[in-house]
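**Q** how would this look folded up:
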Amino acid sequence: MTGLHHNLTETASDAAIDTACRVLRLPTMRAQFPDFVARAERERLSYRGFLAELLMSECEDRDRRRSERRIRAAGFPRQKWLSDFDYNANPNVVPAVVNNLATCEWVKKGEPLCLIGDSGTGKSHLLIGLGTAAAMAGCRVRYALAAKLVNELVEAADEKQLSKTIARYGRVDLLCIDELGYLELDRRGAEMLFQVLTEREEKNSVAIASNESFGKAHIFRRTRARCCLNSTGSKRIGRPPGWT
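**A** Presented below is the predicted three-dimensional model:
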């Protein structure tokens, strides 16, 4: 262990701190150090207090950057926040239900979620907002339009990469599938999509936004859903009506 450097000038100390932050990859501490020094002198912080403030700032900023990376990796087509959802535009959606879903406990338990309603009822906003909340909570999230996901699966099958592609979608904590039912799927595509859901069943969560009733969503009758939020804002626990 090297000894302490007692006789560094203020300029030399600043240079050493800057170099050390670069070497240790502490960009937030490096950027904010001068401000924290001024605050510590102004508020007469103890050495421990000063160090704690610096370290907490680095940790908080690192968490923020991780969240941003997870949100980018999810592939959302646009930014949507639950806090921006207009409940006045659709008063049938109950804020308490959405706030409960925003805790992401259902994702941690590997439970599925279905958002059902007509066009313009806010399904995609809620789907992206809940996916974003999950990413910020530390979950690995992936977003996909149903039609594009099916096309990707078909192409993977043609290239004999279907198992690898299904496994990749199976590894994320939450898979968000949007616009299910807007375009009719052929039997082959529906079966491949069902394989993705089967890979995740009772292990990892899937959230689906659809304009189809459960009675018409025949390809998902074998999938066990435990939470359904429809366009009337009601929440049902258990197997939805029309499922066998």
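**Q** shaky segments in this structure?
**A** Where the chain drops to pLDDT under 70, the residues are 1-6, 212-244.
**Q** and the helices in it, which stretches?
**A** Along the chain, counting by DSSP state H, helices occupy 10-23, 27-43, 47-74, 95-101, 105-108, 123-136, 146-158, 162-171, 187-200.
**Q** show me how far stretch 154-167 is from its chain's centre.
**A** Distance of stretch 154-167 from the chain centroid (Cα atoms, centre = their mean, to the nearest Å) equals 24 Å.
**Q** now the terminal residues of it, how far apart.
**A** The first and last residues of stretch 154-167 sit 15 Å apart, counting by Cα to Cα, to the nearest Å.
**Q** tell me the buried residues in that stretch?
**A** 156-157, 162, 165-166 (16 or more other Cβ atoms under 10 Å). In this view, the C-beta of every residue, glycine as well, is placed from N, C-alpha and C.
**Q** show me which pair in the residues you listed is furthest apart.
**A** Greatest spatial distance in the buried residues of stretch 154-167: Ala157 and Ile166, 9.7 Å, computed using Cβ to Cβ.
**Q** what is in contact with the two at once?
**A** By the contact definition Cβ atoms under 8 Å, 6 or more residues apart in numbering, Ala157 and Ile166 are jointly contacted by Met192.
**Q** OK, contacts around the most centrally placed residue in the chain?
**A** Centroid check for the chain by Cα atoms, centre = their mean gives Ala135 as the closest residue, at 2.5 Å. Ala135 makes contact with 67, 70-71, 73-74, 141, according to Cβ under 8 Å, 6+ apart.
**Q** try 7 Å this time
**A** Ala135 sits next to 67, 70-71, 74, 141 when contact means Cβ atoms under 7 Å, 6 or more residues apart in numbering.
**Q** now it, nearest residue through space, not along the chain?
**A** In this structure, Ala135 finds its nearest non-sequential neighbour in Arg70, 4.0 Å apart by Cβ to Cβ, 6 or more residues apart in numbering.
**Q** next, the contact list for that neighbour, please.
**A** By Cβ under 7 Å, 6+ apart, Arg70 lies in contact with 135, 140-141.
**Q** let's see 8 Å
**A** Neighbour list for Arg70: 135-136, 138-141 [criterion: Cβ under 8 Å, 6+ apart].
**Q** now restrict those to buried residues only.
**A** Taking 16+ other Cβ under 10 Å as the criterion, what is buried in those is 135-136, 139, 141.
**Q** just flag the most distant two among the residues you listed.
**A** So, the buried ones among the contacts of Arg70 by Cβ to Cβ: farthest apart are Met136 and Val141, at 9.6 Å.
**Q** what residues are shared contacts of these two?
**A** By Cβ under 8 Å, 6+ apart, the residues touching both Met136 and Val141 are 70-71.
**Q** ok, Ala102 to Arg25 distance?
**A** Going from Ala102 to Arg25 by Cβ to Cβ, to the nearest Å gives 32 Å.
**Q** many thanks, we can stop here.
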